[in-house]
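Participant: below is the sequence, then the predicted model.
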Amino acid sequence: MKKNYNYTRRKLYLPEYGRHIQEMIDSLLTIEDRRERNRQARAVIAVMGNLNPLLRDTADFTHKLWDHLFIMSDFQLDVDSPYPRPTRQELTVAPRRLAYNQGRITHKHYGKYVGMMIRRLAGEEDPHVVRTTVADLARYMRTKSYEYNQEHPSNEVIVKDIKRMSQGAIEIDEVALNNLRSDYKQPFMARPQRGPQQRQQQRQQPYQQKNRNQHNNNRLFQKNNGQHRNSSK
């Protein structure tokens, strides 16, 4: 007996619809009556829409079903579609290749935009704008370097990197930069170390408080349960 395996059958154009839908569309090509073929094509569209009933009533989804019908028929089915009939050339057009930026970032821990801003400052003529912008960039560079290396860089490193990225085209006031401090990151302050006596006192505090509360409760109990002034002897 001859086995009918899927690998012996022809390849499906849209496997998500299954082989039964493909066989139904193949049977449409054998119908000679155009009116009957149109009626059967609408029935096949309804069956294809039942696979996703939540999207069946939307206009775009119906348009997509008719496009899939022509694709699965290898663009050979001649029926009256309510939408423009797609062509093989429209569906096989290769997308335009995107031009990716292949620029190399010399200082990755500062980011790409820091180098772009420094290079643009090389053509700035106003010294005040250059001075204030360089000061802001130096603070930002200090912050990004701290996030990357977990330590604040020295001012000499910041000045050296700015000169290198600007290729020496920016005049830097090194005295002003030496007085800058980071406004974004504060160094981690370690907790003060406690001696053995302080740790011992800290452990004894809960027990002392517990004994003090118990003593107060005993005094209150004795006061409430003592002899009353008007009690009989």
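Facilitator: Arrived safely.

Participant: give me the neighbour count for residue 44.
Facilitator: Residue 44 has 20 neighbours, counted by other CB atoms under 10 Å. Where C-beta positions appear, they are placed from N, C-alpha and C, glycine not excepted.

Participant: likewise residue 144?
Facilitator: By other CB under 10 Å, 19 other residues sit near residue 144.

Participant: before we move on, what about residue 172?
Facilitator: Residues lying near residue 172 (other CB under 10 Å) number 19.

Participant: do residue 76 as well
Facilitator: The local packing of residue 76 (other CB under 10 Å) involves 9 other residues.

Participant: that one: what secondary structure?
Facilitator: Taken by DSSP: H, G, I helix; E, B strand; the rest coil, the conformation at residue 76 corresponds to coil.

Participant: contacts only, for it.
Facilitator: Applying CB atoms under 8 Å, 6 or more residues apart in numbering to residue 76 gives the contacts residue 29.

Participant: give me the phi and psi for it.
Facilitator: The phi and psi values for residue 76, taken as degrees, to the nearest 10, are phi -110, psi -10.

Participant: break this protein down into its structural domains.
Facilitator: For the chain, automatic domain parsing gives the domain ranges 7-91, 112-178.

Participant: could the ones you listed be laid out in JSON lines, adding distance to residue 99 and mean pLDDT?
Facilitator: As requested, the domains of the chain are exported to JSON lines (distance: least, CB to CB, whole Å; pLDDT from 0 to 100):
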{"stretch": "domain 7-91", "distance to residue 99": "24", "mean pLDDT": "88"}
{"stretch": "domain 112-178", "distance to residue 99": "16", "mean pLDDT": "82"}
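
Participant: dump those domains into TSV; add distance to residue 106 as well.
Facilitator: Formatted as TSV, these follow (distance: least, CB to CB, whole Å):
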stretch	distance to residue 106
domain 7-91	44
domain 112-178	7
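
Participant: which SSE is the closest residue to residue 21 other than its chain neighbours in?
Facilitator: Among residues not flanking residue 21 along the chain, residue 48 sits closest, at 6.2 Å (CB to CB, 6 or more residues apart in numbering). Here residue 48 sits within helix 34-50, counting by DSSP states H and E.

Participant: counting by contacts, list what that helix packs against.
Facilitator: helix 18-28, helix 59-72 (3 or more CB pairs under 8 Å, 6 or more residues apart in numbering; DSSP states H and E).

Participant: looking at the domains of the chain, which is closest to residue 98?
Facilitator: Residue 98 sits nearest to domain 112-178 of all these, at 17.9 Å, using CB to CB.

Participant: for this structure, which segments are assigned as helices?
Facilitator: All helices of the chain, identified by DSSP state H, fall at 18-28, 34-50, 59-72, 88-91, 112-121, 127-149, 155-166, 174-178, 196-224.

Participant: may I see the ones you listed organised as JSON lines, with distance to residue 9 added?
Facilitator: Formatted as JSON lines, the helices of the chain follow (distance: least, CB to CB, whole Å):
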{"stretch": "helix 18-28", "distance to residue 9": "7"}
{"stretch": "helix 34-50", "distance to residue 9": "19"}
{"stretch": "helix 59-72", "distance to residue 9": "14"}
{"stretch": "helix 88-91", "distance to residue 9": "23"}
{"stretch": "helix 112-121", "distance to residue 9": "53"}
{"stretch": "helix 127-149", "distance to residue 9": "57"}
{"stretch": "helix 155-166", "distance to residue 9": "63"}
{"stretch": "helix 174-178", "distance to residue 9": "74"}
{"stretch": "helix 196-224", "distance to residue 9": "80"}
